[in-house]
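>>> Structure here, sequence nowhere to be found:
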């Protein structure tokens, strides 16, 4: 594949359509700047600041923009909140739509046939693949990202984190907990 | 199109396999391929739905056997050939054999930061929204041979409108060069049993983002 991609890049560069230096900058940005650390900041802020949490649920694009973490976020970000009775999970059954601005590029499993096929009819089985078991009284709600709206899960704040700073809270927020295939880390793991 | 990409509810693909400490790219070519797609997308010759359609139109055996970024490579090759931007002979040779066309835009490195933000897909509406939150709707039983964002598992099903998400570019027309044709977009919620019958978990609920032309009153 390396040769095939290089061939296409060479042709498009020689034709004057692309600048290879721009490609370098894009790769660097997605390897360093854009990633789930941004989403973790959003979640930690929502756990710490009730007014921000309300604003986030009301209009996530606007709330995240106001946080000033990134240049800007897309216009169609939606935050969905987990509760003891409801667990949210995000999928794109048709391709791989994913909230890049807050979570970075999607992991391979998110784009894979097993996840895309099973998330909508066997989400509990998918969670088991991640080693996650929800209490029997917790219902599952799956969001299929079939348009340009993008979703981020607001997981529940773990007990035993009272008085923690936003920085410390952010360390508990895993990428998978913001997709709904995982839960935040146990506070004992980071304290 | 009723293609292999429309995977919701299919059986037989096995377990999900999370990878601990997964890198952003698994090989250098994945990053180049990703960035190449982004840079060519910037030229404004096609929309996101057109590039999705290019991947969906790959033969099913190729689609299933190709990694994510390999599909991006194959989709991009097909697009540039289809639009006459480069010849298959040039890609095979690994060099331009003829001069390129003049494009509207070319992405410079200094402009990359602004492309990290997704553009808006919201557009002014030509008419008032037909449905409101709480309305019962039935998805249409449509099977277009071209790009659509109504997944097979959610066709001909009754659900409830949960939210109105604004008026957006309509993928079904923009992907085939018939214009943005903006349509109201809704979150429509279905009970698991409505989608999967007796095999559905009773407490499961699944939503899709549905454009107004996909819906009729129920």
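Right, received. Where do you want to start? This one's a predicted model, so the numbers in the text were calculated from it and none came from an experiment. Numbers count the residues shown, from 1 in each chain, chains lettered A, B, ... in the order given.
>>> quick check: domain ranges of chain A?
With automatic domain parsing serving as the domain definition, the record reports that chain A contains domains spanning A:1-33, A:35-190.
>>> buried sites along the shortest one?
For domain A:1-33, the buried set under the neighbour-count rule, 16 or more other CB atoms under 10 Å in any protein chain shown, comprises A:1, A:4-5, A:7-15, A:17-19, A:22-23, A:25-27, A:29-30. Just so you know, the C-beta spots here come from the backbone N, C-alpha and C atoms, and that holds for glycine as well.
>>> Narrow the residues you listed to those in helices?
The members of the buried residues of domain A:1-33 that map onto helices under DSSP state H are A:4-5, A:7-14, A:22-23, A:25-27.
>>> possible to save the domains of chain A as a markdown table with distance to chain B and mean pLDDT?
Output for the domains of chain A, formatted as a markdown table (distance: least, CB to the nearest CB, whole Å; pLDDT from 0 to 100):
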| stretch | distance to chain B | mean pLDDT |
| --- | --- | --- |
| domain A:1-33 | 3 | 96 |
| domain A:35-190 | 3 | 94 |
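>>> where does the closest residue to residue B:217 other than its chain neighbours sit relative to chain A, distance-wise?
In space, and not counting its chain neighbours, residue B:217 is closest to residue B:137: 6.3 Å by CB to CB, 6 or more residues apart in numbering or on different chains. Residue B:137 sits 15 Å away from chain A, going by CB to the nearest CB, to the nearest Å.
>>> Quick check: residue B:137 touching residue B:218?
Yes: contact criterion CB atoms under 8 Å: residue B:137 and residue B:218 qualify, at 5.4 Å.
>>> Comparing these two, which residue is more hemmed in?
With neighbours defined as other CB atoms under 10 Å in any protein chain shown, residue B:137 and residue B:218 compare such that residue B:137 has more, 21 against 12.
>>> Residue B:163 belongs to a helix?
No: residue state for residue B:163 (DSSP: H, G, I helix; E, B strand; the rest coil) corresponds to strand; a helix is not indicated.
>>> Contacts only, for it.
Listed by CB atoms under 8 Å, 6 or more residues apart in numbering or on different chains, the contact partners of residue B:163 are B:133, B:186-187.
>>> cool, and residue B:98?
For residue B:98, the contacting residues are B:87, B:90, by CB under 8 Å, 6+ apart.
>>> element containing it, please.
Per DSSP states H and E, residue B:98 falls between elements, in no helix or strand.
>>> can you check residue B:29 too?
Secondary structure from DSSP H and E places residue B:29 in helix B:28-42.
>>> what's the distance between that helix and the middle of its chain?
17 Å (CA atoms, centre = their mean, to the nearest Å).
>>> tell me the mean pLDDT for that helix?
Along helix B:28-42, the predicted local confidence has a mean pLDDT of 96.
>>> so that helix versus helix A:20-28, what angle?
Between helix B:28-42 and helix A:20-28, the angle formed by their directions is 110 degrees, by axes from the mean of the first three to the mean of the last three CA atoms, to 10 degrees.
>>> Tell me the buried residues in helix B:28-42?
Here helix B:28-42 shows B:29-42 as buried, counting by 16+ other CB under 10 Å.
>>> Leaving out sequence neighbours, find the closest residue to residue B:194.
Residue B:194's closest residue in space is residue B:157 (CB to CB, 6+ apart), at 5.4 Å.
>>> Check the gap between the one you found and chain A for me.
When CB to the nearest CB is the yardstick, residue B:157 and chain A sit 12 Å from each other.
>>> my guess is that residue contacts residue B:140, does it?
No: counting by CB under 8 Å, residue B:157 sits too far from residue B:140 to count as a contact (10.1 Å).
>>> So which of the two has more stuff around it?
Higher neighbour count among residue B:157 and residue B:140: residue B:157, with 18 against 14, using other CB under 10 Å.
>>> and that one, what pLDDT?
We have a pLDDT of 98 for residue B:157.
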